[in-house]
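Visitor: Just need the structure, nothing else, for what follows:
(one chain, ligands or ions: 1)
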Amino acid sequence: MSGFLSSSIARKVAMALSALFLIIFLLIHLTVNITSLFSENVFNELSHFMGTNFLIQFLMQPVLIFGVVFHFVMGFVLEIKNRSSRSIKYVKYNGAANSTWMSRNMAVSGGVILAFLVLHFIDFWFPEMNYKYIEFLPEDPTRYFAELQHKFTNPLRVGAYVIAFVLLALHLLHGFQSAFQSLGLNKYTKFVKTLGKIYAIAIPLGFITIALFHYFSQLNH
Ligand code: HEM
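Guide: Sure, this is the predicted structure:
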């Protein structure tokens, strides 16, 4: 690895910055999606705004996609470097004695989230790009709610989403505070740890609620 990412500290800082960026994105993403529990109109309006605003589409969206790809690539690079520089292998010592399952398995939970994102992009993002930029279908500001509902009719997909959100919670339970530590913000450890736990449970729980709500609300129709 060349340039400023050649030092391990720079890699950890870059990883932490991309994590914080994604933490903010998840909060915005949940805020938009949670409106679908209360109001079809509000959800449609917000989705239409996000999906047609020039700055969001052509500045924020490419930055977000870069952030997601960067985080996964860098995560796996860090994992491989850590494994190869570790002289005592995990099988020879009791990792559970001084670290949590979450911290030792960030690559596992990260891998499951990556698999979820592939499914999620096939479900929402590719059809959206196809609608707007390949087929150039006419704008319809009221279509988003029905598209969302339609995705949550298959129990297998709902199950896969819920499992992924549980792993997202495990990933965030370690990742949130770890990102702050990598940035040297240890002074606020207790506050960051508490905030991290609340965030790591509340955000995935919000997504789980959305998936289950739309699944069960359509069962009797
Ligand atoms: C019930 C839960 C969720 C629902 C209903 C949902 C819904 C959506 C929808 C409708 C889009 C398409 C936006 C568009 O391009 O118009 C989208 C995009 C996306 N979602 Fe989700 N999402 C959920 C959970 C998540 C989670 C947990 C993550 C991350 C771990 C995530 C990451 C993304 C990303 C990266 C995109 C592409 C953003 C973009 O449009 O550029 N989503 N989601």
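Visitor: tell me what the strand or helix carrying residue 216 is packed against?
Guide: If you go by DSSP states H and E, residue 216 is part of helix 189-217. On a contact count with 3 or more CB pairs under 8 Å, 6 or more residues apart in numbering; DSSP states H and E, helix 189-217 meets helix 8-34, helix 144-151, helix 155-182. Glycine gets a C-beta too; all of them are placed from N, C-alpha and C.
Visitor: Would you mind finding the most buried of those helices?
Guide: Stretch with highest mean neighbour count among those: helix 155-182 (a mean of 19; mean count of other CB atoms under 10 Å).
Visitor: rewinding a little: can you convert the helices and strands packed on helix 189-217 into CSV and add a column each for distance to residue 188 and mean pLDDT?
Guide: Formatted as CSV, the helices and strands packed on helix 189-217 follow (distance: least, CB to CB, whole Å; pLDDT from 0 to 100):
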stretch, distance to residue 188, mean pLDDT
helix 8-34, 14, 96
helix 144-151, 37, 97
helix 155-182, 7, 96
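Visitor: who wins for proximity to residue 194 among those?
Guide: Each of those has some distance to residue 194 by CB to CB; the shortest is helix 155-182, at 9.4 Å.
Visitor: so the closest one versus helix 8-34, what angle?
Guide: 140 degrees (axes from the mean of the first three to the mean of the last three CA atoms, to 10 degrees).
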